[in-house]
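Peer 1: Sequence first, then the predicted structure:
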Amino acid sequence: MPKVRKAVILAAGLGTRMLPATRAVPKEMLPIVDKPLIQYAVEECVSSGIEEIVFVVADGKEAIRDHFGASSRAEAWARDRNDTALLAVLQAPSKLARFHFAHQDQPRGIAHAVACARQYVEGEPFALLFPDDLILGSNPVIGQLAAIHEARGGTVIAVMDVPREETPQYGIVDAPAGANPAPVRGLVEKPALGEAPSTLAIVGRYILSAGIFAQIDRLEPGRNGELQITDAIAGQLAAGEPVWACAYEGDRYDTGRPAGYLIASVAAGLARPDVAPAIVPHLRQLLESRTP
(Lines give C-alpha, C1' and ligand atoms only; values in the text may rest on other atoms or scores of the structure.)
Protein backbone atom coordinates (compact mmCIF):
# COMPACT_ATOMS: atom_id res chain seq x y z
CA MET A 1 0.00 0.00 0.00
CA PRO A 2 1.21 3.59 -0.62
CA LYS A 3 2.72 5.50 2.27
CA VAL A 4 0.48 8.06 3.97
CA ARG A 5 2.19 11.39 3.27
CA LYS A 6 -0.58 13.97 3.74
CA ALA A 7 -3.03 15.03 6.42
CA VAL A 8 -6.13 17.18 6.68
CA ILE A 9 -6.71 19.01 9.97
CA LEU A 10 -10.20 20.44 10.48
CA ALA A 11 -10.19 23.92 11.99
CA ALA A 12 -13.30 25.65 10.66
CA GLY A 13 -15.59 25.24 13.69
CA LEU A 14 -16.96 28.11 15.75
CA GLY A 15 -15.93 26.75 19.14
CA THR A 16 -19.30 27.62 20.67
CA ARG A 17 -18.75 25.37 23.69
CA MET A 18 -15.72 27.45 24.68
CA LEU A 19 -17.28 30.92 24.45
CA PRO A 20 -16.43 33.64 25.33
CA ALA A 21 -12.77 32.54 25.02
CA THR A 22 -13.29 31.71 21.34
CA ARG A 23 -15.15 34.91 20.46
CA ALA A 24 -12.02 36.42 18.90
CA VAL A 25 -9.45 33.62 19.26
CA PRO A 26 -9.81 30.38 17.25
CA LYS A 27 -10.42 27.48 19.61
CA GLU A 28 -7.54 25.64 17.90
CA MET A 29 -5.18 28.41 19.04
CA LEU A 30 -6.04 28.15 22.73
CA PRO A 31 -2.85 27.17 24.58
CA ILE A 32 -2.17 23.79 26.12
CA VAL A 33 0.73 24.70 28.41
CA ASP A 34 2.82 26.84 26.02
CA LYS A 35 1.71 25.62 22.58
CA PRO A 36 -1.58 26.15 20.75
CA LEU A 37 -3.79 23.09 20.64
CA ILE A 38 -3.52 22.70 16.88
CA GLN A 39 0.27 22.42 17.05
CA TYR A 40 -0.10 19.17 18.99
CA ALA A 41 -2.05 17.73 16.04
CA VAL A 42 0.59 18.95 13.60
CA GLU A 43 3.39 17.44 15.67
CA GLU A 44 1.51 14.14 15.86
CA CYS A 45 1.34 14.15 12.06
CA VAL A 46 5.02 14.95 11.64
CA SER A 47 6.01 12.25 14.13
CA SER A 48 3.98 9.83 11.99
CA GLY A 49 5.87 10.65 8.80
CA ILE A 50 3.39 13.15 7.35
CA GLU A 51 5.02 15.65 4.97
CA GLU A 52 2.12 17.90 3.89
CA ILE A 53 -0.75 19.25 5.99
CA VAL A 54 -3.94 20.92 4.83
CA PHE A 55 -5.82 23.09 7.30
CA VAL A 56 -9.52 23.48 6.55
CA VAL A 57 -10.40 26.90 7.97
CA ALA A 58 -13.18 29.46 7.93
CA ASP A 59 -13.32 33.22 8.30
CA GLY A 60 -11.77 34.41 11.55
CA LYS A 61 -9.05 31.74 11.62
CA GLU A 62 -6.23 33.95 10.38
CA ALA A 63 -4.23 33.29 13.57
CA ILE A 64 -3.67 29.69 12.45
CA ARG A 65 -2.15 30.85 9.19
CA ASP A 66 -0.01 33.39 11.08
CA HIS A 67 1.22 30.79 13.57
CA PHE A 68 2.48 28.45 10.85
CA GLY A 69 3.63 31.28 8.61
CA ALA A 70 7.17 32.26 7.76
CA SER A 71 7.51 35.41 9.86
CA SER A 72 5.96 37.34 12.73
CA ARG A 73 6.51 40.43 14.85
CA ALA A 74 7.87 38.24 17.61
CA GLU A 75 10.48 36.80 15.24
CA ALA A 76 11.55 40.29 14.18
CA TRP A 77 11.85 41.25 17.85
CA ALA A 78 14.01 38.19 18.64
CA ARG A 79 16.14 38.78 15.54
CA ASP A 80 16.76 42.41 16.48
CA ARG A 81 18.01 41.26 19.88
CA ASN A 82 20.09 38.44 18.41
CA ASP A 83 18.21 35.96 20.61
CA THR A 84 18.94 32.87 18.54
CA ALA A 85 17.39 30.44 21.03
CA LEU A 86 14.05 32.26 21.06
CA LEU A 87 14.19 32.74 17.30
CA ALA A 88 14.56 28.97 16.81
CA VAL A 89 11.49 28.36 19.00
CA LEU A 90 9.44 30.91 17.07
CA GLN A 91 10.47 29.58 13.66
CA ALA A 92 9.93 25.91 14.54
CA PRO A 93 6.16 25.72 13.71
CA SER A 94 6.63 26.98 10.13
CA LYS A 95 9.31 24.34 9.51
CA LEU A 96 7.34 21.31 10.72
CA ALA A 97 5.78 20.48 7.33
CA ARG A 98 4.52 21.94 4.06
CA PHE A 99 1.23 23.69 4.79
CA HIS A 100 -1.82 24.46 2.67
CA PHE A 101 -5.07 26.18 3.58
CA ALA A 102 -8.54 25.32 2.28
CA HIS A 103 -11.58 27.48 3.06
CA GLN A 104 -14.95 26.14 4.19
CA ASP A 105 -17.51 28.85 3.56
CA GLN A 106 -20.39 27.21 5.46
CA PRO A 107 -20.60 24.64 8.28
CA ARG A 108 -22.02 21.81 6.15
CA GLY A 109 -20.55 18.82 7.94
CA ILE A 110 -17.29 16.90 8.20
CA ALA A 111 -17.52 15.29 4.76
CA HIS A 112 -18.04 18.73 3.22
CA ALA A 113 -14.97 20.02 5.09
CA VAL A 114 -12.92 17.09 3.78
CA ALA A 115 -14.14 17.84 0.25
CA CYS A 116 -12.83 21.39 0.63
CA ALA A 117 -9.30 19.92 0.85
CA ARG A 118 -9.81 17.65 -2.15
CA GLN A 119 -7.39 19.37 -4.52
CA TYR A 120 -4.49 18.73 -2.16
CA VAL A 121 -5.09 15.07 -1.25
CA GLU A 122 -7.17 13.39 -3.96
CA GLY A 123 -5.78 10.21 -5.46
CA GLU A 124 -3.95 8.93 -2.37
CA PRO A 125 -4.68 7.95 1.23
CA PHE A 126 -4.51 10.73 3.80
CA ALA A 127 -4.90 11.32 7.51
CA LEU A 128 -7.84 13.24 8.97
CA LEU A 129 -7.59 14.85 12.40
CA PHE A 130 -9.97 16.74 14.68
CA PRO A 131 -7.62 18.82 16.85
CA ASP A 132 -10.25 19.04 19.62
CA ASP A 133 -9.23 15.48 20.43
CA LEU A 134 -5.83 15.85 22.08
CA ILE A 135 -4.16 12.45 22.35
CA LEU A 136 -1.01 12.19 24.44
CA GLY A 137 1.35 9.24 24.30
CA SER A 138 4.72 8.06 23.08
CA ASN A 139 3.30 6.34 19.98
CA PRO A 140 1.50 8.86 17.73
CA VAL A 141 -1.99 7.68 16.83
CA ILE A 142 -1.81 8.71 13.18
CA GLY A 143 1.32 6.58 12.88
CA GLN A 144 -0.54 3.62 14.39
CA LEU A 145 -3.38 4.00 11.89
CA ALA A 146 -1.03 4.55 8.95
CA ALA A 147 0.82 1.33 9.76
CA ILE A 148 -2.46 -0.61 9.55
CA HIS A 149 -3.38 1.03 6.24
CA GLU A 150 0.03 0.35 4.76
CA ALA A 151 -0.20 -3.31 5.81
CA ARG A 152 -3.86 -4.00 4.98
CA GLY A 153 -5.19 -1.17 2.85
CA GLY A 154 -8.56 0.49 3.26
CA THR A 155 -9.79 3.17 5.63
CA VAL A 156 -8.72 3.02 9.28
CA ILE A 157 -10.64 4.59 12.17
CA ALA A 158 -9.36 5.23 15.70
CA VAL A 159 -11.80 3.93 18.33
CA MET A 160 -12.05 3.81 22.10
CA ASP A 161 -14.33 1.86 24.39
CA VAL A 162 -16.92 4.02 26.18
CA PRO A 163 -19.64 3.27 28.74
CA ARG A 164 -22.84 2.18 26.98
CA GLU A 165 -24.74 5.15 28.39
CA GLU A 166 -22.35 7.49 26.55
CA THR A 167 -22.77 5.91 23.09
CA PRO A 168 -25.37 8.50 21.94
CA GLN A 169 -22.59 11.12 22.10
CA TYR A 170 -20.39 9.41 19.49
CA GLY A 171 -20.21 7.71 16.15
CA ILE A 172 -20.17 3.98 16.93
CA VAL A 173 -18.68 1.17 14.88
CA ASP A 174 -20.02 -2.36 14.53
CA ALA A 175 -16.94 -4.59 14.76
CA PRO A 176 -16.15 -8.00 16.27
CA ALA A 177 -14.81 -7.98 19.81
CA GLY A 178 -11.26 -9.08 20.53
CA ALA A 179 -9.59 -8.12 17.26
CA ASN A 180 -7.29 -5.13 16.85
CA PRO A 181 -7.49 -3.93 14.19
CA ALA A 182 -11.04 -5.15 13.78
CA PRO A 183 -12.91 -5.28 10.46
CA VAL A 184 -15.77 -2.79 10.58
CA ARG A 185 -19.20 -4.13 9.60
CA GLY A 186 -21.10 -0.86 9.94
CA LEU A 187 -21.18 2.62 11.51
CA VAL A 188 -23.91 4.55 13.29
CA GLU A 189 -23.72 8.29 13.99
CA LYS A 190 -24.90 9.05 17.56
CA PRO A 191 -27.30 6.14 17.97
CA ALA A 192 -30.23 6.34 20.38
CA LEU A 193 -29.54 4.89 23.81
CA GLY A 194 -29.77 1.11 23.63
CA GLU A 195 -29.40 0.96 19.84
CA ALA A 196 -25.61 1.11 19.54
CA PRO A 197 -24.11 -2.02 17.91
CA SER A 198 -21.10 -1.84 20.25
CA THR A 199 -19.36 0.48 22.70
CA LEU A 200 -16.51 1.29 20.28
CA ALA A 201 -16.67 5.06 19.80
CA ILE A 202 -15.00 6.89 16.93
CA VAL A 203 -12.24 9.30 17.94
CA GLY A 204 -11.06 12.19 15.75
CA ARG A 205 -8.28 10.32 13.94
CA TYR A 206 -8.66 8.53 10.59
CA ILE A 207 -6.70 7.31 7.62
CA LEU A 208 -9.05 7.70 4.66
CA SER A 209 -8.36 5.69 1.54
CA ALA A 210 -8.39 7.34 -1.87
CA GLY A 211 -11.91 6.03 -2.54
CA ILE A 212 -13.48 8.35 0.04
CA PHE A 213 -14.21 11.15 -2.45
CA ALA A 214 -16.26 8.89 -4.70
CA GLN A 215 -18.49 8.23 -1.69
CA ILE A 216 -18.63 11.88 -0.63
CA ASP A 217 -19.85 12.72 -4.13
CA ARG A 218 -22.81 10.36 -3.60
CA LEU A 219 -23.89 11.76 -0.23
CA GLU A 220 -27.25 13.36 0.34
CA PRO A 221 -27.47 16.04 3.07
CA GLY A 222 -28.60 14.65 6.41
CA ARG A 223 -29.54 16.34 9.66
CA ASN A 224 -29.14 20.14 9.48
CA GLY A 225 -28.20 19.79 5.81
CA GLU A 226 -24.80 18.35 6.71
CA LEU A 227 -22.69 15.75 4.93
CA GLN A 228 -21.31 13.20 7.40
CA ILE A 229 -17.99 11.43 7.01
CA THR A 230 -19.46 8.36 8.72
CA ASP A 231 -21.97 8.09 5.86
CA ALA A 232 -19.16 8.29 3.32
CA ILE A 233 -17.24 5.54 5.14
CA ALA A 234 -20.43 3.46 5.23
CA GLY A 235 -20.52 3.92 1.44
CA GLN A 236 -16.99 2.53 1.23
CA LEU A 237 -18.14 -0.55 3.15
CA ALA A 238 -21.12 -0.98 0.82
CA ALA A 239 -18.76 -0.76 -2.16
CA GLY A 240 -16.65 -3.59 -0.75
CA GLU A 241 -13.73 -1.49 0.48
CA PRO A 242 -12.16 -2.65 3.75
CA VAL A 243 -12.55 -0.44 6.83
CA TRP A 244 -10.64 -1.16 10.03
CA ALA A 245 -11.19 -0.06 13.63
CA CYS A 246 -8.02 0.49 15.66
CA ALA A 247 -8.10 0.58 19.45
CA TYR A 248 -5.16 2.96 19.68
CA GLU A 249 -2.50 3.47 22.35
CA GLY A 250 -2.64 6.88 24.06
CA ASP A 251 -4.71 9.07 26.37
CA ARG A 252 -7.45 11.12 24.72
CA TYR A 253 -8.80 14.43 26.05
CA ASP A 254 -11.80 16.34 24.72
CA THR A 255 -10.60 19.95 24.72
CA GLY A 256 -13.81 21.25 23.17
CA ARG A 257 -15.44 21.62 26.60
CA PRO A 258 -14.16 23.72 29.53
CA ALA A 259 -13.66 20.79 31.92
CA GLY A 260 -11.96 18.67 29.27
CA TYR A 261 -9.76 21.56 28.25
CA LEU A 262 -8.57 22.06 31.84
CA ILE A 263 -7.93 18.34 32.30
CA ALA A 264 -5.96 18.24 29.04
CA SER A 265 -3.86 21.22 30.10
CA VAL A 266 -2.98 19.56 33.40
CA ALA A 267 -2.22 16.22 31.72
CA ALA A 268 0.05 17.89 29.16
CA GLY A 269 1.83 19.77 31.92
CA LEU A 270 2.37 16.60 33.94
CA ALA A 271 3.88 14.95 30.84
CA ARG A 272 6.51 17.71 30.62
CA PRO A 273 9.60 17.16 32.81
CA ASP A 274 10.30 20.91 32.69
CA VAL A 275 6.81 21.76 33.96
CA ALA A 276 5.59 18.89 36.13
CA PRO A 277 7.88 19.49 39.16
CA ALA A 278 6.57 23.04 39.47
CA ILE A 279 2.87 22.18 39.31
CA VAL A 280 2.59 18.88 41.20
CA PRO A 281 2.88 20.43 44.70
CA HIS A 282 0.27 23.05 43.84
CA LEU A 283 -2.10 20.44 42.44
CA ARG A 284 -1.75 18.39 45.61
CA GLN A 285 -2.44 21.47 47.72
CA LEU A 286 -5.49 22.40 45.67
CA LEU A 287 -6.89 18.87 45.86
CA GLU A 288 -6.31 18.67 49.60
CA SER A 289 -8.04 22.01 50.14
CA ARG A 290 -11.08 20.71 48.24
CA THR A 291 -11.31 17.47 50.23
CA PRO A 292 -14.40 17.48 52.51
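Peer 2: The structure has been received and is ready for your questions. Numbering: from 1, shown residues only.
Peer 1: isn't there a strand covering residue 8?
Peer 2: Yes. Under DSSP: H, G, I helix; E, B strand; the rest coil, residue 8 sits within a strand.
Peer 1: hey, where'd the strands end up in the stretch 51-200 of the chain?
Peer 2: Using DSSP state E, counting those that start in this stretch, the strands of the stretch 51-200 of the chain run over 52-57, 98-103, 126-129, 133-136, 155-161, 171-174, 182-183, 186-189, 200-208.
Peer 1: need these in CSV with distance to residue 30, can you?
Peer 2: C-beta here means a position set from N, CA and C on the backbone, and glycine is covered the same way. Listed next are the strands of the stretch 51-200 of the chain as CSV, based on distance: least, CB to CB, whole Å:
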stretch, distance to residue 30
strand 52-57, 15
strand 98-103, 19
strand 126-129, 16
strand 133-136, 11
strand 155-161, 22
strand 171-174, 24
strand 182-183, 34
strand 186-189, 27
strand 200-208, 16
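Peer 1: starting at the chain centroid, how far to whichever helix in the chain runs longest?
Peer 2: When the chain is scanned for its longest helix (criterion: DSSP state H), the result is helix 276-290. Distance of helix 276-290 from the chain centroid (CA atoms, centre = their mean, to the nearest Å) equals 30 Å.
Peer 1: In that helix, which residues are buried?
Peer 2: residue 279 (16 or more other CB atoms under 10 Å).
Peer 1: do the same with stretch 56-74
Peer 2: Across stretch 56-74, burial judged by 16+ other CB under 10 Å covers 56, 57, 58, 61, 63, 64, 67, 68.
Peer 1: how much space between residue 116 and residue 96?
Peer 2: To residue 96, residue 116 is 22 Å away according to CB to CB, to the nearest Å.
Peer 1: That should have said residue 190, apologies.
Peer 2: 34 Å.
Peer 1: And residue 192, by the same measure?
Peer 2: In terms of CB to CB, residue 192 sits 42 Å off from residue 96.
Peer 1: more neighbours, these two?
Peer 2: Per other CB atoms under 10 Å, whichever of residue 192 and residue 96 has more neighbours is residue 96, with 16 against 9.
Peer 1: Which pLDDT value goes with that one?
Peer 2: Looking at residue 96, its pLDDT is 94.
Peer 1: same thing with residue 291?
Peer 2: Per the predicted model, pLDDT is 67 at residue 291.
Peer 1: ok, now residue 249?
Peer 2: pLDDT, read off for residue 249, is 96.
Peer 1: same thing with the one 10 residues further on?
Peer 2: With respect to pLDDT, residue 259 has a value of 96.
Peer 1: For it, list the residues it contacts.
Peer 2: Residues near residue 259 by CB atoms under 8 Å, 6 or more residues apart in numbering: none.
Peer 1: got the buried residues for the helix or strand encompassing it?
Peer 2: Applying DSSP states H and E as the criterion places residue 259 in helix 258-270. Residues of helix 258-270 classed as buried: 260, 261, 264, 265, 266, 268, 269 (neighbour count, 16+ other CB under 10 Å).
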